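A.B. asks: Below are the sequence and a predicted model for it; my questions follow.
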Amino acid sequence: MNKYACDCCDRDFGTKDALEMHHQVKHLTNNEKKSSFLDRVKKKKKGGWIVFVMLMGVIVTGVWFVAQRGDSTLPNIDVPNEPIHWHPHLSIIIDGEEQLIPEGIGLGQVHQPTHTHESDGTIHLENNRPTAKTLTVGYFFEIWGKAFNKDCIFEYCTSKGTLKMTVNGKENNEFEKYMWKDKDEIIIEYKSNPV
């Protein structure tokens, strides 16, 4: 077995690398130690930047992928891979009174993919790249700036009444997560508890 001896302190080492490491740690002058330390720090910083850039790339790619898929809490349905132009109809009834859905929701300098042109309850879904999120009833209410979920429609909540949604005459419990289909007839109805 080869032995490598230190010229400065006569210690023996089993490998040449071990001897060099010993020499660098124990016998370098202060200037040499500083220089060696700075070289190691520079290498670590360079390696750190490479790792940082790669990590940011992975994060950005992940965020982009999730955004393309839409909200993962939504029902798993096939989202069309082609442009859509659908016209479902929405009615909102609060304590027996039909509520006006104003014209121009989602229209402006930038037209939202879900919007209204008139106040007759026709919802326009005109979308060149539909996603699971942009096809939901909840997305329309988000654009409108109004509350809607399984517990509330506007300021009317189930703590003081009942909320029901029907789609094409059948009760549906998906509420804001329901994905419109062309020609859907959706009724959202809230009834206050008797006083």
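C.D. replies: Looks like it arrived, so ask away.
A.B. asks: When you work out contacts or count neighbours from here on, use the C-alpha atoms and nothing else.
C.D. replies: Noted.
A.B. asks: Just the terminal-to-terminal distance for stretch 113-120.
C.D. replies: 18 Å (Cα to Cα, to the nearest Å).
A.B. asks: buried stuff in it?
C.D. replies: Residues of stretch 113-120 classed as buried: 113, 114, 115, 116 (neighbour count, 16 or more other Cα atoms under 10 Å).
A.B. asks: Same check on stretch 6-13?
C.D. replies: For stretch 6-13, the neighbour count (16+ other Cα under 10 Å) marks residue 13 as buried.
A.B. asks: if we can go back for a sec, ok, of the buried residues of stretch 113-120, which one's closest to residue 102?
C.D. replies: Lowest distance from residue 102 to those (Cα to Cα) belongs to residue 116, with 7.4 Å.
A.B. asks: closest to residue 182 among the buried residues of stretch 113-120?
C.D. replies: residue 114 (12.4 Å).
A.B. asks: Which stretches in the protein count as strands?
C.D. replies: For the chain, applying DSSP state E gives strands covering 4-5, 12-13, 84-86, 89-94, 97-98, 114-115, 124-127, 152-153, 156-157, 161-167, 170-171, 185-192.
A.B. asks: okay, now the domains of the chain?
C.D. replies: The record assigns the chain these domain ranges, following automatic domain parsing: 4-69, 84-192.
A.B. asks: any chance of the ones you listed in TSV, with mean pLDDT and distance to residue 78 too?
C.D. replies: Formatted as TSV, these follow (pLDDT from 0 to 100; distance: least, Cα to Cα, whole Å):
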stretch	mean pLDDT	distance to residue 78
domain 4-69	67	11
domain 84-192	96	8
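A.B. asks: Mean neighbour count, these: which tops it?
C.D. replies: domain 84-192 (a mean of 17; mean count of other Cα atoms under 10 Å).
A.B. asks: Between the two ends of it, how far is it?
C.D. replies: 37 Å.
A.B. asks: Which parts of the protein are helices?
C.D. replies: 16-26, 30-69, 137-144 (DSSP state H).
A.B. asks: With distance to residue 178 as extra columns, can I get the strands of the chain in CSV?
C.D. replies: CSV is the format used below for the strands of the chain (distance: least, Cα to Cα, whole Å):
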stretch, distance to residue 178
strand 4-5, 76
strand 12-13, 73
strand 84-86, 15
strand 89-94, 12
strand 97-98, 21
strand 114-115, 14
strand 124-127, 14
strand 152-153, 15
strand 156-157, 19
strand 161-167, 9
strand 170-171, 12
strand 185-192, 10
